[in-house]
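Engineer: What shape does this take:
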Amino acid sequence: MKTEQLIQREALKYERFKCQLTLIPLAEIEQFRSEVEQAYERLPKDLDISFVAREPYENLREMTLDIQFAGLMCVSNLHNTSELLPGDLNLKFRAVHDYFHYLLQQEFDFKGELNVYKATKFLHKSDIGKRILYSEIVLQAAYCTYFGTFGKQKVIIN
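Structural biologist: Reported below is the predicted structural model:
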């Protein structure tokens, strides 16, 4: 399947399905949250993570320079409302996610998001956790790429 077809299929899936968070057993949600917390705790201790009220980087190169020369990674705290990852847990998820963009040198486009998903799914033990991660990264990126804006945050596990 071509990338454009994948983007369209996944964007429309995200558009059409209702949020399925209530279908996920609470134990699975708690495990996913715990795995996010653990991944955040494994980020380099000498990396200064700053949560900012803006989109901090135009591209990967800007973030890479900040990390390499200033030991700083800025993470946007805009639109930080998530039932799945309440409070600062969503910010921690974003920090881990963005750091993997840096580690893998993957741009902030659909292909980069797909590659970051593939590299980070090992952080989640269960199949449901991997499907939640797919929704959080790939489906949201496909929606944004296809429709030109971020959709309402929701979890799709189908």
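
Engineer: This structure: strands as residue ranges?
Structural biologist: 48-52, 72-76 (DSSP state E).

Engineer: Nearest residue to the most centrally placed residue in the chain in space, please, no chain neighbours.
Structural biologist: Taking Cα atoms, centre = their mean as the criterion, Ile137 is the residue nearest the geometric centre of the chain, at 4.4 Å. Leaving out its chain neighbours, the residue that sits closest to Ile137 by Cβ to Cβ, 6 or more residues apart in numbering is Tyr117, at 4.3 Å. To be clear about C-beta, it is placed using only N, CA and C from the backbone, and glycine gets the same treatment.

Engineer: and the residue nearest to the centre of the chain, what does it touch?
Structural biologist: By Cβ atoms under 8 Å, 6 or more residues apart in numbering, Ile137 lies in contact with 97, 113-114, 116-117, 120.

Engineer: one step back: now tabulate the strands of the chain in CSV and tack on mean neighbour count and distance to Leu89.
Structural biologist: Listed next are those as CSV, based on neighbours: other Cβ atoms under 10 Å; distance: least, Cβ to Cβ, whole Å:
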stretch, mean neighbour count, distance to Leu89
strand 48-52, 14, 12
strand 72-76, 19, 13
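
Engineer: Which one, of those, ends up nearest to Lys13?
Structural biologist: Nearest to Lys13, of all the strands of the chain, is strand 72-76, at 25.2 Å by Cβ to Cβ.

Engineer: Can you name the residues in contact with the closest one?
Structural biologist: Contacts for strand 72-76 (Cβ under 8 Å, 6+ apart): 47-57, 63, 66-67, 91, 94-95, 98-99, 102.

Engineer: at 7 Å what do you get?
Structural biologist: 47-52, 54-56, 63, 66-67, 91, 94-95, 98-99 (Cβ atoms under 7 Å, 6 or more residues apart in numbering).
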